[in-house]
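Visitor: What would the 3D arrangement of this be:
(one chain, ligands or ions: 1)
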Amino acid sequence: MHLIEKLKTLIIEGNLAQAPRATQEALQAGVDLREIIDQGLIKAMEVVGERFSSGELYIPEMLLSAKTMQASLNVLRPMIADRGIKAKAKVVFGTVQGDVHDIGKNLVIMMMQGAGFEVYDLGMDVPPEKFYQAIKTHQPDLCCMSALLTTTQGAMGKTIRFLKEQSVRQTVKVMVGGAPITEEFSAGIEADGYAPDAGSAVEKAKELLGIR
Ligand code: B1M
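Guide: Down below sits the predicted model:
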């Protein structure tokens with residue numbers, strides 16, 4: 001099997017033991033770094049995202065694929081730094097103020113990293129001021145917020161209002177998600193987009209940023 005196809009299959013299967021070795025093999029065989037990332041890692045996570053969204057894969061399998069992708073990415077990291085390969089987009093991401101649920105956020109972040117995004121993880125219980133500071137510091141293309149409680153989803157609107165007051169709202173797209181969040185809620189707080197799960201979150205982010 002072609003080395004890239006082999007690597008892609010290992011990531012889809014979540015084969016944490018063999019994928020990093022296959023990544024090394026592809027490098028040693030002279031496969032271009034960009035091709036390993038785009039056709040191996042990113043393509044694999046696209047497949048995983050689609051299968052998760054369609055209910056064919058479940059959270060544990062998706063987490064394992066994401067971990068496998070990250071292990072492969074770690075093999076490539078020194079070369080990526082050397083070559084100065086640019087991320088597809090910059091993202092700041094946090095679970096909103098008052099909310100400590102971060103499993104879903106972490107999953108979405110792993111999928112975004114799999115898609116070639118550079119993500120700054122602000123953690124959980126993130127107040128509006130911290131989102132603002134991160135936007136000032138990192139100048140991201142996208143600001144992502146996650147909320148799992150009906151009592152904390154209001155903090156998303158509060159954060160967007162704060163970004164407006166500080167005059168940075170127009171510099172960044174805002175995407176929201178989490179179990180209680182709906183399309184209507186997202187529109188009501190004037191977010192730019194909403195996604196129901198980790199697979200579609202990557203697709204939505206690309207759509208918002210005009211990335212194909
Ligand atoms: Co909590 N909890 N919890 N909890 N907890 C829920 C959410 C709850 C539904 C359980 C229940 O009552 N049935 C309920 C919320 C009720 C409500 O408000 N409607 C609840 C409650 C009430 C609470 C406490 C208040 C309990 C208490 O103390 N009395 C408390 C609140 C603490 C706080 O935040 N201040 C609390 C605490 C906790 C733990 C700390 C124990 C733990 C969190 C650990 C952690 O995250 N590190 C916890 C857990 C684990 C859960 C459940 C069981 C699982 C949540 C989860 O991780 N799901 C949850 C019940 C349930 O869902 N079965 C529950 C898996 C995860 C992959 O899914 O986070 O939905 P999810 O993420 C998805 C999508 O939503 C989407 O993609 C992800 C992957 O597909 N997504 C995005 C998420 N963010 C996105 C962002 C995007 C796009 C998509 O764009 C930016």
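
Visitor: make it CA atoms for all contacts and neighbour counts henceforth
Guide: Fine.

Visitor: start to end distance for stretch 13-22?
Guide: Using Cα to Cα, to the nearest Å, the end-to-end distance of stretch 13-22 comes to 13 Å.

Visitor: How far off centre is it?
Guide: 21 Å (Cα atoms, centre = their mean, to the nearest Å).

Visitor: how near is D82 to M69?
Guide: Separation of D82 from M69 (Cα to Cα) stands at 20 Å.

Visitor: For these two, work out which one has more neighbours and name it.
Guide: M69 (32 against 8; other Cα atoms under 10 Å).

Visitor: so which strand or helix has the closest residue to L122 other than its chain neighbours?
Guide: Nearest residue to L122, sequence neighbours excluded (Cα to Cα, 6 or more residues apart in numbering): G94, at 4.8 Å. According to DSSP states H and E, G94 maps onto strand 90-96.

Visitor: Strands along this structure, start to end?
Guide: Assigned by DSSP state E, the strands in the chain fall at 90-96, 118-126, 142-146, 173-177, 193-194.

Visitor: Direction-wise, compare the third one with strand 173-177 and give the angle.
Guide: Going by axes from the mean of the first three to the mean of the last three Cα atoms, to 10 degrees, strand 142-146 is angled at 20 degrees with respect to strand 173-177.

Visitor: re earlier: now tabulate the strands of the chain in CSV and tack on distance to the ligand, mean pLDDT and mean neighbour count.
Guide: Output for those, formatted as CSV (distance: least, Cα to the nearest ligand atom, whole Å; pLDDT from 0 to 100; neighbours: other Cα atoms under 10 Å):
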stretch, distance to the ligand, mean pLDDT, mean neighbour count
strand 90-96, 7, 98, 26
strand 118-126, 8, 97, 18
strand 142-146, 4, 98, 27
strand 173-177, 3, 98, 24
strand 193-194, 6, 98, 22
